[in-house]
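Participant: Sequence unavailable; structure follows:
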Ligand SMILES: Cc1ncc(COP(=O)(O)O)c(C=O)c1O
Ligand SMILES: Cc1ncc(COP(=O)(O)O)c(C=O)c1O
């Protein structure tokens, strides 16, 4: 494969495997994005929006208690949880929203798994005055009703997807089905650095704000670069976001943490780049490492963190993995709950279950570093939105009792 | 009453009506606070903590859709919802936390109604390594279980208060009872600009960060001062926080919005400075306008917003009210739900039910101003923490169904 | 000074004498019950009685008395009823009666009106736990005029200097809180307590009452020589609740 | 070119002739049912059949076909089984059979292996809706070698220029998607559609197939002169589901 010619490829990965009906739409999107990217005023508009509507720059928090607890590196936490809507997803969504405005479209659609990207998109649509439809697997709607509630309250239509495994990947398929019907007035706000070109490039570009800030902040607050940077990897957008700030620094080791679910050898996980269950494939419009069987059929995946529970992974990360520029590991559900618990108790921070994966690996490795070294964990989102999942996972008796009572009240 | 001599008084209001056993504790606290306030390094430490652990300065968002919807003033929203833990309460709590460190104490206690101040205090205690006990009315624990869950996860002990009306004011009494027993190693982190001197002054000082930022931001973004500034008033801390930025500007009208509940004449509200149900009194350690009967017994109060559901109000605000420097109004539960709905749909913002009170009054008055004038609403917190209350108040059928099912699952 | 004189006389009546002061919450469980309890107390030799006018926010009280305040209010007890009741009681029994309550009750009634009325119905002292002298300008300007003794409170946290300051405002006796914390918990009488009582004694000429957690004859005996008045609060409330009004007399009789 | 020749011959066989192509999902409801359905189709004059190898992510299909893909996989249908079945079918029936599937099926099988195998079992064309020419370097380098026609797809959104570009890669016929959207919805045949078909015709010499939503004789009649092949997809799947295998023959017979 000729890397120098093929656009939208990162080494062997990426591309745009799209139905012909979307060819024009993608052509226009590529042009619009290219122009926007080249236009300093656009980035300026984006930064100003993120600085006044969301809370950018998000802080970099020195976690002194975790540092001394592990007796190694100084922990710094990049606080994407403080974004409006509670996660890094806002960075991407608001950026695409500005692009939609530029393209003159009036309607946005999006897939969502955990609901986080759906809420972010519904929020952006409300702010920018777009119609909005969110596709969400039936299973996920059941699990993440609070997010559905907010999306609807923000004026979005949430469509329950009943095909396939009724989760994220099926919602993506369904969103594409909407798009091939309504491409004229509609933009599909893809939620992560996956999908057909130019989405990986576009989402990575918007998310790069995380790494740009983090780099400046660590130099400012710690006086030198960190030794390691940790991020969880679902589709890979928060990881790409922060990694881009340090890719040029060969002294900074970048670590992506995937969902180890019930164990990397259990068959119940969502690890594409760690473990042996994934292989190269083409689906959902792009080529990457997929969790699939020998026929090329996608497997069921599992993670306590809905946002990591996905069959594919960013083609950009697949490339960095292949080239050895990013190291990958995985964290099990159990390790994640323990890391979350410790982080709440020691730092008063509630990382999302997704983000807690990054904490797990940092906890394992902090002792390898000296106290004059720093590590950064990208806290991609806040966990308080996940109370139903978290309280359930902690098997909290008072919470169950509370829900039982509320349920009985509503049954009456 | 001799205003020039009596410390801790604001006109006729304030004071420190405390049991003798706390005299020494308050003497020390007064000294410690006075020294800290006079020490520029302390404010610097505070600002740096708020800038790295929380997300300060919080943005000022130009709400273009609301502005054009009402066809009057330009709406600017001060985004205290983007603070760590989701409300302005963090400003006060982190400040008091630093003071506790200075005083060398090892344990903090706090009252909480909505749970917001409890979560903030538990968070601060985790971050600063203090033991933490939170007093919360039994009723409020039932209503706000999610917040209790997070407090406990952060390592705090939550004590159910079963005396009195089992709500906020009783939790305050209970916290004082703890304090009179454990004053040596314990600081009581009072959650609002009420209580005995020096609390009103102290909380106002920490919260003044809101107004200082907002003033700079509006000048920067809008080019001139706003015509009006709106804030909801429970105890009054967020209102005092933002008002302090504009008190010296006689062209800026300041409007406090109280809980109108089921109507100012219904007897079911929490309006102390609007309506006729309150009178001067002394309770919970300070003198202000209380909702009380002719004997001086406190009345039951009501608001859809737990954080506004309180019998007293800041003595500083009572003074500003008496002097005509702040205008007061009230918003009913119904108006609040409508304002919240509109704000979500038009701006993608989810103000807390408390904050939504301020939106109501701004909505009523925006049309009186020209489009070359600005108003600021202090969005004291985010509403997504209140999903149980909000979904219930909207009577959302899917939400009820979801809870019913979850409840049945846990009953099995 | 009515109360001062009374106490001095009573103390002078015997060697190593210690007086008993009891506490009741008006309206709890009912005024009728209060009436009977007071009679039992007086008949069994109680020297002074503090009657608490219930308040919705009894910040300085412990759970038992808080609950009593609350129940009294739930029963509909009003300030007016308390005053009427007090008038009846003071005319019936020939010992000093004091009002214990929180400042808001006076404030809402009108502080001077409250003094006047209390004087009129024969009350000899006020115990207001949330009114430090710094906040009592009006209050303390009226105590002499109406000859009602303001009972000042000492706490183990009070410095010598503070005690002296408080003593200036005090009349009748000083109420020495035996330990930190709210009413109703048992106190360990130890060296620390002795030191505290010596500090109290040194700071004032007024008789010393000791409260908080006294429930047995041994407690009272221990206080002899150290204090002048033993205060029994929570114990009798619990007694009435658990064993009825008639248990009060024998309990009081057994204390000395 | 096997497929080209076949179609040209068939079209030449009559005046104003239109061919019928049907679509089935292999393994849905079962291979046995597929076998019977295909026989009914061939017996009733279907000219070409596209056999969809099920895929777990059928992005370009509508609900009915998505469900069929899913159920076929749930039944355990494997790619190997589909190939074996296809081999049996092509040897039994003397019309052209094509594979329709998504690119990952080929990719995982090995693209060249898949061509070789398909050739071996008598498949004459591939329809791969998620493989634009830009991504098909390897794929398009093999079509001539194995004489398997890559069926290119036109959409109403394709520009004239794009159509010409696609035509360069096409063999056998061009599949003209009648409207935007996924499979299975009815199409309004209106002026816009006519303009679109004229644009298609001008851009290529290949025969034109029209798909998406054809379910009645009127639809087929309308297409005469405008297209060369009418594609019936979702309709027969619904038919089998609702009325059983035997309903297929009469339905097909009634279309022309
Ligand atoms: C908080 C959070 N972190 C991480 C992810 C994973 O996505 P990505 O890998 O694209 O950052 C999600 C997805 O929903 C998320 O909500
Ligand atoms: C979000 C929010 N706003 C406002 C209030 C009211 O408090 P204050 O008037 O002190 O700002 C609360 C109290 O809990 C709150 O949580």
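Facilitator: That came through, no problem. Computed from a prediction, not measured in an experiment: that's the story for all the values here. Ligands and ions are numbered 1, 2, ... in the order given.
Participant: Identify the residue nearest residue A:359 in space, chain neighbours excluded?
Facilitator: With sequence-adjacent residues excluded and distances taken as Cβ to Cβ, 6 or more residues apart in numbering or on different chains, residue A:359 is closest to residue A:339, at 4.2 Å. From N, CA and C alone the C-beta is placed, and that goes for glycine too.
Participant: Can you give me the separation between that neighbour and chain B?
Facilitator: Using Cβ to the nearest Cβ, to the nearest Å, we find residue A:339 at a distance of 13 Å from chain B.
Participant: Equivalent analysis for residue A:107, please.
Facilitator: 16 Å.
Participant: Tell me the bridge partners for that residue.
Facilitator: On the basis of DSSP bridges, residue A:107 is bridged to residue A:131, residue A:186.
Participant: surely it meets residue A:184?
Facilitator: No: look at residue A:107 against residue A:184 with Cβ atoms under 8 Å: they stay out of range, at 9.4 Å.
Participant: Which one's more surrounded, the two?
Facilitator: Higher neighbour count among residue A:107 and residue A:184: residue A:107, with 17 against 12, using other Cβ atoms under 10 Å in any protein chain shown.
Participant: Next one: the more buried one, what pLDDT does it get?
Facilitator: Per-residue pLDDT puts residue A:107 at 98.
Participant: For it, give me its contacts.
Facilitator: A:130-133, A:182, A:185-187 (Cβ atoms under 8 Å, 6 or more residues apart in numbering or on different chains).
Participant: which ones among these come in contact with ligand 1?
Facilitator: When contact is defined as Cβ under 6 Å from any ligand atom, the contacts of residue A:107 do not meet ligand 1 at all.
Participant: Looking at the residues you listed, which is nearest residue A:209?
Facilitator: Of all the contacts of residue A:107, residue A:209 sits closest to residue A:187, with 20.3 Å by Cβ to Cβ.
Participant: roughly how far apart are residue A:225 and chain B?
Facilitator: Distance from residue A:225 to chain B, by Cβ to the nearest Cβ: 18 Å.
Participant: Would you map the strands across chain C?
Facilitator: Taking DSSP state E as the criterion, chain C carries its strands at C:19-25, C:48-52, C:97-100, C:125-127, C:149-150, C:152-154, C:174-177, C:208-211, C:229-232.
Participant: before we move on, back to that, of the contacts of residue A:107, just the buried ones, ChimeraX syntax please.
Facilitator: Applied in ChimeraX, the following selects the buried portion of the contacts of residue A:107 according to 16 or more other Cβ atoms under 10 Å in any protein chain shown:
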select /A:130,132,133,182,186,187
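Participant: With pLDDT added, can I get the contacts of residue A:107 in CSV?
Facilitator: Formatted as CSV, the contacts of residue A:107 follow (pLDDT from 0 to 100):
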residue, pLDDT
A:130, 98
A:131, 98
A:132, 98
A:133, 98
A:182, 93
A:185, 95
A:186, 97
A:187, 98
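Participant: of the contacts of residue A:107, closest to ligand 1?
Facilitator: residue A:132 (17.4 Å; Cβ to the nearest ligand atom).
Participant: where's the closest residue to the closest one other than its chain neighbours relative to chain D, distance?
Facilitator: In this structure, residue A:132 finds its nearest non-sequential neighbour in residue A:125, 3.5 Å apart by Cβ to Cβ, 6+ apart. To chain D, residue A:125 is 22 Å away according to Cβ to the nearest Cβ.
Participant: again with residue A:108
Facilitator: 18 Å.
Participant: Would you mind confirming that that residue is in contact with residue A:189?
Facilitator: Yes: the pair formed by residue A:108 and residue A:189 meets the contact definition of Cβ under 8 Å, at 5.1 Å.
Participant: and for those two, which residues touch both?
Facilitator: Taking Cβ under 8 Å, 6+ apart as the contact rule, residue A:108 and residue A:189 both touch A:96-97, A:100, A:121, A:124.
Participant: List just the nearest of those residues to chain B.
Facilitator: residue A:124 (6.5 Å; Cβ to the nearest Cβ).
Participant: how far away is the residue in the stretch 1-150 of chain A that ligand 1 sits nearest to from residue A:389?
Facilitator: As assessed by Cβ to the nearest ligand atom, ligand 1 sits closest to residue A:116 within the stretch 1-150 of chain A, at 3.4 Å. Per Cβ to Cβ, to the nearest Å, residue A:116 is found 12 Å from residue A:389.
Participant: Likewise for residue A:352?
Facilitator: 10 Å.
Participant: The two: who's more crowded?
Facilitator: residue A:352 (31 against 18).
Participant: Sketch out the helices for the stretch 301-412 of chain A, chain order is fine.
Facilitator: A:315-322, A:333-347, A:353-365, A:387-393, A:397-411 (DSSP state H, counting those that start in this stretch).
Participant: deepest of those helices, which one?
Facilitator: Stretch with highest mean neighbour count among these: helix A:353-365 (a mean of 28; mean count of other Cβ atoms under 10 Å in any protein chain shown).
Participant: just the strands in the stretch 201-350 of chain A please.
Facilitator: Using DSSP state E, counting those that start in this stretch, the strands of the stretch 201-350 of chain A run over A:228-232, A:253-261, A:278-283, A:286-291, A:327-332.
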